[in-house]
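Asks: Curious how this folds, go ahead:
(2 chains)
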2 protein chains.
Amino acid sequence: MTATDLAIIGFGKIAREQHRPALEASSAFNFAATVDPFNTAEGIAAYKDVTTFLAERPEVGAVALCTPPQVRFAVAREALLAGRHVLLEKPPGTTVSEVMTLQRIAKEQGKTLFTAWHSQFAPGIPGARDWLSDRKITAITVTWREDVRRWHPGQDWIFAPGGTGVFDPGINAYSILTYILPVGLYTTEAALEFPENRDTPIAAQLKMLTEEGAPVDLDFDFRETGVQTWDMRIETDRGVMELSQGGATITADGEVLSAEGALAGEYDRIYARFAELIAAGESDVDVAPFRHVADAMMLGRRVQTEAFEW
Amino acid sequence: MTATDLAIIGFGKIAREQHRPALEASSAFNFAATVDPFNTAEGIAAYKDVTTFLAERPEVGAVALCTPPQVRFAVAREALLAGRHVLLEKPPGTTVSEVMTLQRIAKEQGKTLFTAWHSQFAPGIPGARDWLSDRKITAITVTWREDVRRWHPGQDWIFAPGGTGVFDPGINAYSILTYILPVGLYTTEAALEFPENRDTPIAAQLKMLTEEGAPVDLDFDFRETGVQTWDMRIETDRGVMELSQGGATITADGEVLSAEGALAGEYDRIYARFAELIAAGESDVDVAPFRHVADAMMLGRRVQTEAFEW
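Replies: Just a heads-up that it's a prediction; the model follows:
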């Protein structure tokens, strides 16, 4: 199989640290170009704007969008209409409706659209999903606490409208839950803490229910300077599952299902999946994690908290 | 065809003023019961709770849910699992995710789920949709200004989390737009005015784009004590369409497409559609209007404004 030429649009932190190494290790893709007004990759063709890139490089069949979400729709639409397959880094946009429209356009164009939720590709996730598939969920707690200054230093877009604040990491928890659970979830209460000088929440305490009425409590916080925690505890009618490090380490009833390092291979598996979708002529558009963020923001009670500065 | 026995669950203002007369005029349904802890309809069997009603009246094949949205999911799920067809008054719940789960349950149960957006059944809507179908949209303005004290007197649920505030009428505008336009829309900016003592916005100024980049400006306000306005102006490459009174009166290029009274026949057509869906064994679950509310609340900038009291 010939490798597909791929360009990374938006060559920031996640692109440099995760996408580039995964692409260079992939036999399915050839890292052909970057498109970014400022950043470039040594030895790789660089374009400053999308329109020029699309016009000059018709043979680059696929693009990975790693820009801030606020500009993603227009770029993704332009790429799809120019006949390219599109991978969307999470979150796939600033509104759920954008993604639904892109899904329709991808279908009309016969191109692949892939919403890549990296946490769904954490090492322990398939085992967790299997283990839960025939169990009844009785209670879930999710603790997702990290230091925004450490993981998103100076990234003001995260606190700008559309940046979703603490839901930027929290959406990873949603993406795991919606993927591994055998039942639907919905939010019933949300307390959203907005710093007085910012437009997105820095912390959220959420209550959800499974469709069968089991309680799901979520604690998202961007102000955690101590131990960084991305943990879930899922109680069932037959045993308890615990996920830590964002799904890298998983135990069920004390038995270890997975104990690889956090993030190990997530992006390798993402690109393998993207190649598989392109080969099959299919799309994989999963808006459920994003929908839970929108639901929480629609339903939530707003609490003003102290100003946040980097 | 035998009429289907139907119960109204939640017998408040909208149920008494719209659902009851439409049901009594319908040959497809027989108004068989009310389920409400307080309200009853003279001459109609009354139940105080849903579980008792479902147990005692297995022959009532359909229910219309007119409760406040905060309790709708649990009731709708219980009714579907008890084998009843379900009509959801707008909004269909407090989160989009609930509705997606109900859609799956209805499918599993082989029952009809119908999200009834009454504005989509306004007299001029089919003509408007036809007229727009082969035109290119170039600009849209929406003005939706009404007096909450007049239309929702004392209804505190509307300002409670999940009540969506000014989006309760605004969602009618979304339901018209998403139904009649031949292109997708997405929100790019929202200023949301929250009264300091309430949890949902009392006004919103919104900017959207069509997928092709045409501007859509929306002005929603719940504080309009003068002339009540529910108007849209849709500019296209071949003429201008104007909708007023929520879709009752529509002109295109000066020609009148529809000029019936506001609300005329909306609920008659809703029940005719529900009967049609039941007969065909289908569901009609349209979450697009609700998704735009969630998107605006996720994306929007929050502005605190003066306290609101009835």
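Asks: Only C-alpha atoms from now on, for both contacts and neighbour counts.
Replies: Will do.
Asks: other SSEs contacting the one helix or strand in chain A whose mean pLDDT sits lowest?
Replies: The weakest-scoring helix or strand in chain A, judged by mean pLDDT, DSSP states H and E, is strand A:255-259 (a mean of 80). Identification of packing neighbours for strand A:255-259 by 3 or more CA pairs under 8 Å, 6 or more residues apart in numbering or on different chains; DSSP states H and E yields helix A:125-132, strand A:249-252.
Asks: most packed of these?
Replies: Comparing the helices and strands packed on strand A:255-259 by mean neighbour count (mean count of other CA atoms under 10 Å in any protein chain shown), strand A:249-252 ranks first with a mean of 22.
Asks: ok, and what's touching it?
Replies: Here strand A:249-252 makes contact (CA atoms under 8 Å, 6 or more residues apart in numbering or on different chains) with A:123-124, A:128, A:239-244, A:256-262.
Asks: ok so, going back, what comes up buried for the least confident helix or strand of chain A?
Replies: A:257-259 (16 or more other CA atoms under 10 Å in any protein chain shown).
Asks: If we only consider the contacts of strand A:249-252, which is nearest to A:Q155?
Replies: The closest of these to A:Q155 turns out to be A:A262 (CA to CA; 22.5 Å).
Asks: Could you measure from A:D268 over to chain B?
Replies: A:D268 sits at a distance of 30 Å from chain B (criterion: CA to the nearest CA, to the nearest Å).
Asks: List the contacts of that residue.
Replies: A:22-23, A:25-26.
Asks: Include secondary structure and pLDDT when you put the residues you listed into CSV, please.
Replies: What follows is those, written out as CSV (DSSP: H, G, I helix; E, B strand; the rest coil; pLDDT from 0 to 100):
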residue, secondary structure, pLDDT
A:A22, helix, 96
A:L23, helix, 96
A:A25, helix, 95
A:S26, coil, 95
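Asks: List the contacts of A:G127.
Replies: A:257-258.
Asks: Next, count neighbours for the residue of the stretch 201-310 of chain A found nearest chain B.
Replies: Closest to chain B within the stretch 201-310 of chain A is A:L299: 4.5 Å, counting by CA to the nearest CA. When neighbours are counted by other CA atoms under 10 Å in any protein chain shown, A:L299 registers 28.
Asks: okay, it: pLDDT?
Replies: pLDDT for A:L299: 94.
Asks: three-state assignment of the closest residue to it other than its chain neighbours?
Replies: Among residues not flanking A:L299 along the chain, B:G162 sits closest, at 4.5 Å (CA to CA, 6 or more residues apart in numbering or on different chains). At B:G162 the chain is in coil, as set by DSSP: H, G, I helix; E, B strand; the rest coil.
Asks: can I get the contacts of A:D268 in a markdown table with distance to chain B and neighbour count?
Replies: Output for the contacts of A:D268, formatted as a markdown table (distance: CA to the nearest CA, whole Å; neighbours: other CA atoms under 10 Å in any protein chain shown):
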| residue | distance to chain B | neighbour count |
| --- | --- | --- |
| A:A22 | 31 | 22 |
| A:L23 | 31 | 20 |
| A:A25 | 36 | 14 |
| A:S26 | 34 | 18 |
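Asks: Let me have these in a markdown table, extended by distance to A:T187.
Replies: Listed next are the contacts of A:D268 as a markdown table, based on distance: CA to CA, whole Å:
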| residue | distance to A:T187 |
| --- | --- |
| A:A22 | 35 |
| A:L23 | 37 |
| A:A25 | 40 |
| A:S26 | 39 |
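Asks: ok, these vs B:P182, which is closest?
Replies: A:L23 (38.4 Å).
Asks: Sheet-wise, list the partners of whichever strand or helix holds A:A7 with their directions.
Replies: Using DSSP states H and E, A:A7 maps to strand A:4-9. Partners of strand A:4-9 in the sheet, by DSSP bridges, are strand A:29-35 (parallel), strand A:62-65 (parallel).
Asks: Can you give the distance from that strand to the centre of its chain?
Replies: Here strand A:4-9 is found 19 Å from its chain centre; the criterion is CA atoms, centre = their mean, to the nearest Å.
Asks: do the same with stretch A:68-83
Replies: Offset of stretch A:68-83 from its chain centre (CA atoms, centre = their mean): 17 Å.
Asks: can you tell me the average pLDDT over that stretch?
Replies: 95.
Asks: which outside residues touch that stretch?
Replies: A:10, A:50-51, A:54, A:61, A:63, A:65, A:85-86, A:91-94, A:98-99, A:102, A:105-106, A:109, A:111, A:157, A:162-163.
Asks: just checking, which of those belong to helices?
Replies: Of the positions in those, A:50-51, A:54, A:98-99, A:102, A:105-106, A:109 sit in helices, assigned by DSSP state H.
Asks: Just the buried ones from those residues?
Replies: Burial by neighbour count, judged by 16+ other CA under 10 Å, picks out A:50, A:54, A:98-99, A:102, A:105-106 from the ones in helices among the contacts of stretch A:68-83.
Asks: residues of stretch A:185-201 that come out buried?
Replies: A:185-195, A:198-201.
Asks: of the residues you listed, closest to A:F274?
Replies: For those, the minimum distance to A:F274 (CA to CA) is 27.1 Å, reached by A:L185.
Asks: OK, contacts around that closest one?
Replies: A:178, A:208-211, B:97-98, B:101.
Asks: Those residues into JSON lines, with extra columns for pLDDT?
Replies: Output for the contacts of A:L185, formatted as JSON lines (pLDDT from 0 to 100):
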{"residue": "A:T178", "pLDDT": "97"}
{"residue": "A:M208", "pLDDT": "98"}
{"residue": "A:L209", "pLDDT": "97"}
{"residue": "A:T210", "pLDDT": "98"}
{"residue": "A:E211", "pLDDT": "96"}
{"residue": "B:S97", "pLDDT": "97"}
{"residue": "B:E98", "pLDDT": "97"}
{"residue": "B:T101", "pLDDT": "97"}
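Asks: ok, and the most crowded of these?
Replies: Taking other CA under 10 Å as the neighbour criterion, B:E98 ranks highest of the contacts of A:L185 with 26 neighbours.
Asks: Name the residues linked to the residue lying closest to that one once chain neighbours are set aside by a beta bridge.
Replies: Using CA to CA, 6+ apart and skipping the chain neighbours, the partner closest in space to B:E98 is A:Y186 (5.6 Å). A:Y186 has these beta-bridge partners by DSSP bridges: A:L209.
Asks: Give the full set of residues in contact with A:Y186.
Replies: For A:Y186, the contact set (CA under 8 Å, 6+ apart) comprises A:208-211, A:292, B:95, B:97-98.
Asks: Of all pairs in those, which one is the farthest apart?
Replies: It's A:E211 and A:H292 that sit farthest apart of those, by CA to CA, at 14.1 Å.
Asks: out of the helices and strands packed on strand A:255-259, which comes closest to B:E276?
Replies: helix A:125-132 (39.2 Å).
Asks: just the angle between the closest one and strand A:255-259, please?
Replies: 160 degrees (axes from the mean of the first three to the mean of the last three CA atoms, to 10 degrees).
Asks: Right, I'll leave it there.
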